[in-house]
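K.L.:
Task: produce atomic coordinates for the following.
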Amino acid sequence: MTQRTGQFSFVCSVLFVLAVMTPAAVQADAIDASMKVNYEYTRNVTLANGEVHATAEFNIILTSADLGLTNYDTYGYCVELTQGIGNGTYLVTLDELNNDTYYEIAWLMDSYAPGRGTSLSDTEKNQAAALQGLIWQNLYGTSYAVTGGAAITPYYTTYLAALNSLTLTDDLRDYLDSHYMIAAHPTAQNLMIEVNRGNEVPEPATMLLFGTGLVGLGVLRRRMRRV
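P.N.:
Just a heads-up that it's a prediction; the model follows:
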């Protein structure tokens, strides 16, 4: 009877170790990256509040040891109007999506970004401007709705209708988490970028816990064989 109780206690210990391995329990460290930004055009959009803003789909070359990426060719859109950004290389922190507004923006980019880091035609530049305008509206409210630009507004209307019918499921959030992050910089504009997280390097704490769990399971098997 005592031996079984000991086995039960050990099983509980192993289950506890496995539990703390979950993403909710293991806090992720900041992911550092070098982000080279390039854009070759702008399209102006007029907003409901009367402001006129330039838009672009940013071409980005991303390097991050934490993600196992070197010169990763990708693209991004502005998610911050209070800062500017120019062509150049920036040291940024990559943050995960942490609210539904960001998930919606990631979905819009995934669905409608026309160039995905390549050169754009005139039509695609209008599509990119409509997408950027809707991203700002989603962030800052209806006073930032696109109201001007005859070549832009039809795309904007289409994207807005699709957004209004969007349902964010857990599977969709998981997909967007694995493909989009926020590139944050203290003095330059923050961008949401497409990024492949498939080569992400596990954190040391996670690896240690995982190893501890495997060792515990191995000891448990040996004890059970002796019973």
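K.L.:
contacts and neighbour counts: CA atoms only from here.
P.N.:
Fine.
K.L.:
For the residue lying closest to T82 once chain neighbours are set aside, pull up the helix or strand it's in.
P.N.:
Take T82 and drop its neighbours on the chain: the residue closest to it by Cα to Cα, 6 or more residues apart in numbering is Q189, 7.4 Å away. Here Q189 is covered by no helix or strand, with elements defined by DSSP states H and E.
K.L.:
Can you list the strands that the longest strand anywhere in the chain pairs with?
P.N.:
Using DSSP state E to define each element, the chain has its longest strand at strand 69-78. Partner strands and pairing direction for strand 69-78 (DSSP bridges) are strand 58-64 (antiparallel), strand 191-194 (antiparallel).
K.L.:
re the thing from before, identify the residues contacting the residue nearest to T82.
P.N.:
Q189 sits next to C78, V79, E80, L81, T82, Q83, G84, I85 when contact means Cα atoms under 8 Å, 6 or more residues apart in numbering.
K.L.:
Now N44: closest residue in space, sequence neighbours ignored.
P.N.:
In space, not counting the residues next to it along the chain, N44 is nearest to A54; the distance is 4.3 Å by Cα to Cα, 6+ apart.
K.L.:
For that neighbour, give me the pLDDT.
P.N.:
pLDDT for A54: 92.
K.L.:
can you count the residues close to it?
P.N.:
13 (other Cα atoms under 10 Å).
K.L.:
which helices and strands does the helix or strand containing it pack with?
P.N.:
Using DSSP H and E, A54 maps to strand 52-55. On a contact count with 3 or more Cα pairs under 8 Å, 6 or more residues apart in numbering; DSSP states H and E, strand 52-55 meets strand 43-47, helix 122-140.
K.L.:
Neighbouring strands of it in the sheet, and parallel or not?
P.N.:
According to DSSP bridges, strand 52-55 forms sheet pairs with strand 43-47 (antiparallel).
K.L.:
for the record, mean pLDDT for the partner strand?
P.N.:
Mean predicted confidence for strand 43-47 is 93.
K.L.:
Touching it from outside, list them.
P.N.:
Here strand 43-47 has contacts from 52-56, 125-126, 129-130, 133, 143-149, using Cα under 8 Å, 6+ apart.
K.L.:
Could you identify the buried members of those residues?
P.N.:
Among the contacts of strand 43-47, those classed as buried by 16 or more other Cα atoms under 10 Å are T55, A56, K125, N126, A129, A130, G133, Y144, A145, V146, T147, G149.
K.L.:
Out of these, which two are the most distant from each other?
P.N.:
K125 and Y144 (19.3 Å; Cα to Cα).
K.L.:
where does the chain have low pLDDT?
P.N.:
Along the chain, the parts satisfying pLDDT under 70 run over 1-29, 116-118, 199-227.
K.L.:
where exactly do the helices run in this structure?
P.N.:
2-19, 100-112, 122-140, 153-164, 170-177, 204-226 (DSSP state H).
K.L.:
how's the chain carved up into domains?
P.N.:
1-27+203-227, 30-202 (automatic domain parsing).
K.L.:
so who does L134 touch?
P.N.:
Per Cα under 8 Å, 6+ apart, neighbours of L134: A145, V146, Y156, Y159, L160.
K.L.:
could you dump stretch 126-133 to PDB, C-alpha only?
P.N.:
Extracted in PDB, the C-alpha atoms of stretch 126-133 (Å, rounded to 0.1, in the frame of the first residue of the first chain):
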ATOM      1  CA  ASN A 126      -4.100  51.200 -54.200                       C
ATOM      2  CA  GLN A 127      -5.000  47.900 -52.500                       C
ATOM      3  CA  ALA A 128      -2.100  48.400 -50.000                       C
ATOM      4  CA  ALA A 129      -3.300  51.900 -49.300                       C
ATOM      5  CA  ALA A 130      -6.800  50.700 -48.600                       C
ATOM      6  CA  LEU A 131      -5.400  47.900 -46.300                       C
ATOM      7  CA  GLN A 132      -3.300  50.400 -44.400                       C
ATOM      8  CA  GLY A 133      -6.200  52.800 -44.000                       C
END
